[in-house]
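Asker: Sequence unavailable; structure follows:
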């Protein structure tokens, strides 16, 4: 009986770890910064060391890659993008990286993980998911002037700051 309880506990713990591993960001090995082309326009992302400390001001928008509630979209590095995900997209930062975004209208800021490419609309520097837009206070307006600052690049053993 004791062996059976231990087996159930081990199986439960393993299942919990698998669920948690699938929920968060991270796990991308290395950095993605190779040049790419979208709609005939070529982009050359900066190298990880070059991105550290990078600051940019411009317009932010928000995007929703999820398909209904049960079908997540995929980011540029293959991660699931759920409706409740807290992530961002940038055209030339290495993926993944963490940035601080500050809404210049109201002073609200948050730290978010960049794991996708975009926005590909002229004049916009960053796209964020709906929860981030809500936290920054521009969800209903759709756009906001922001400042972004790169805090770190990479995850796990690849992380540099």
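Answerer: That came through, no problem. This one's a predicted model, so the numbers in the text were calculated from it and none came from an experiment. Numbers count the residues shown, from 1 in each chain.
Asker: hey, which strand is longest across this protein?
Answerer: strand 143-153 (DSSP state E).
Asker: where does this structure have low pLDDT?
Answerer: Across the chain, the ranges flagged by pLDDT under 70 are 1-28, 65-72.
Asker: Give me the buried stretch members for stretch 77-87, please.
Answerer: By neighbour count on 16 or more other C-beta atoms under 10 Å, the buried set for stretch 77-87 is 77, 79, 81, 82, 83, 85, 86, 87. Any C-beta I mention is one placed from the backbone N, CA and C, and that applies to glycine too.
Asker: does the first one count as helix, strand or coil?
Answerer: For residue 77, the secondary structure call by DSSP: H, G, I helix; E, B strand; the rest coil comes out as coil.
Asker: which residues does it contact?
Answerer: Residues in contact with residue 77 (C-beta atoms under 8 Å, 6 or more residues apart in numbering) are 28, 32, 95, 96, 115, 116.
Asker: would residue 133 count as being in a strand?
Answerer: No - Residue 133 sits outside any strand when classified using three-state DSSP, being helix.
Asker: and it, how many residues sit next to it?
Answerer: Residues lying near residue 133 (other C-beta atoms under 10 Å) number 24.
Asker: same check, this time on residue 41
Answerer: Neighbours around residue 41, by other C-beta under 10 Å: 9.
Asker: in the chain, which spans are strands?
Answerer: So, for the chain - with DSSP E - the strands run 36-38, 41-43, 55-62, 73-74, 80-81, 87-89, 97-103, 109-116, 124-128, 143-153.
Asker: Point out the one among these that comes closest to residue 160.
Answerer: Of all those, it is strand 143-153 that lies closest to residue 160, at 5.3 Å by C-beta to C-beta.
Asker: buried set for that closest one?
Answerer: 144, 146, 147, 148, 150, 152, 153.
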